[in-house]
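J.: I'd like to go over a predicted model; first the sequence, then the structure.
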Amino acid sequence: MELVKIYFLIFIIYSMTGWLLEVISTYPDTKCFVNRGFMVGPYCPIYGKCALLMIFLLHPLKKYILYSLKIKILYYKIQIGECYEL
């Protein structure tokens, strides 16, 4: 039950953040407030759904993603070091 509450909070936070970013991104073009959501309230559920989908799909790959990220960071450090030697 506790995990459901956490997922619900993640859904709400990402939905509201996505709505806020959409409203902010359209303000310079329109010079006025435009409600970009299709529902009543300050949220776009598609952002919350996508956040939960990424959590569910990427969680099993977490250790592999971190391992490949460490290898990439090491590779780029070596490349930058070689550039300074030239």
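T.: Yep, it's here. For clarity, every value in this text was computed on a predicted model and none was experimentally measured.

J.: in terms of pLDDT, where does Val4 sit?
T.: Listed pLDDT for Val4 reads 93.

J.: any idea which element it lies in?
T.: Secondary structure from DSSP states H and E places Val4 in helix 2-30.

J.: does Ile46 count as helix, strand or coil?
T.: Three-state call for Ile46 (DSSP: H, G, I helix; E, B strand; the rest coil): helix.

J.: thinking again about what came up before, buried residues in the helix holding Val4?
T.: Phe11, Tyr14, Ser15, Met16, Gly18, Trp19, Glu22, Val23 (16 or more other CB atoms under 10 Å). C-beta: built from backbone N, CA, C; applies to glycine.

J.: want to throw those residues into CSV with pLDDT and distance to Lys70?
T.: Putting these into CSV (pLDDT from 0 to 100; distance: CB to CB, whole Å) gives the following:
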residue, pLDDT, distance to Lys70
Phe11, 94, 30
Tyr14, 90, 27
Ser15, 91, 32
Met16, 91, 33
Gly18, 88, 30
Trp19, 89, 35
Glu22, 86, 34
Val23, 87, 37
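
J.: before we move on, the earlier item: quick one: distance of the helix holding Val4 to the chain centre.
T.: Relative to the centre of its chain, helix 2-30 is centred 10 Å away, using CA atoms, centre = their mean, to the nearest Å.
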